[in-house]
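>>> everything below, folded, please.
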Amino acid sequence: MTSSSGPMPPHDPSSEPSSGYGSAAGQSAGAPRNGLGIAALVVGVLAIVASITVVGGVVLGLIAIVLGFIGRSRAKKGQATNGGVALAGIITGAVGVVLSIVLVVAGAAIFFGSGGSDLVDCVNNANGNQTAIDQCNTQFQNRNGN
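Below is the predicted model of the structure:
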């Protein structure tokens with residue numbers, strides 16, 4: 001029950017919509033390489049979360065900043081399409097680094113403002129004697145009302 005009005009035209013694959021995922025064997029030469037920008041953003045967010053560990057915030061933040069700058073460079077060259085995501089990675093990485101530094105400074109100010117330098121001196125003068133170190137800790141806690 002088919003009616004044909006003539007021969008079928010040849011199949012033209014270029015007329016099909018592109019999925020944008022490159023070839024089956026991997027990315028094609030023209031496909032954007034957006035991995036570094038995305039990685040910068042993910043690591044930058046992790047840096048903010050890890051800033052309470054101080055070292056984690058600084059290390060992850062610096063990694064995010066480096067990855068973000070590389071991602072921005074690729075976006076400017078036209079090799080990637082996510083320059084904004086890379087910029088967000090730079091910003092979140094910088095926030096993680098700054099937050100870690102602020103937490104270190106605040107913690108040091110609180111510690112030394114409550115007599116922490118006396119505790120450090122006492123422990124240093126104990127010369128490894130655990131009983132003397134315990135006494136230093138007890139004096140520090142009693143002094144600060146703990």
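
>>> contacts and neighbour counts: CA atoms only from here.
OK.

>>> below-threshold pLDDT in the chain: ranges please.
1-31, 144-146 (pLDDT under 70).

>>> swap in 50 and give it another go.
Low-confidence segments of the chain, defined by pLDDT under 50: 18-28.

>>> please enumerate the strands of it.
Listed in chain order, the strands of the chain (DSSP state E) amount to none at all.

>>> correct me if wrong: residue 136 contacts residue 122.
Yes. Taking C-alpha atoms under 8 Å as the definition, residue 136 is a contact partner of residue 122 at 5.9 Å.

>>> neighbour-wise, which of the two wins?
The neighbour comparison of residue 136 against residue 122 (other C-alpha atoms under 10 Å) goes to residue 136, with 21 against 18.

>>> contact partners for the more buried one?
119, 122-123 (C-alpha atoms under 8 Å, 6 or more residues apart in numbering).

>>> turn those residues into a markdown table, columns for distance to residue 66.
Shown next, in a markdown table, are the contacts of residue 136 (distance: C-alpha to C-alpha, whole Å):
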| residue | distance to residue 66 |
| --- | --- |
| 119 | 39 |
| 122 | 42 |
| 123 | 40 |
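
>>> and the gap between the nearest residue in space to residue 123 that is not next to it in sequence and residue 122?
Closest residue in space to residue 123, ignoring its immediate chain neighbours: residue 133 at 5.4 Å, by C-alpha to C-alpha, 6 or more residues apart in numbering. Plainly put, residue 133 is 7 Å away from residue 122 if you go by C-alpha to C-alpha, to the nearest Å.
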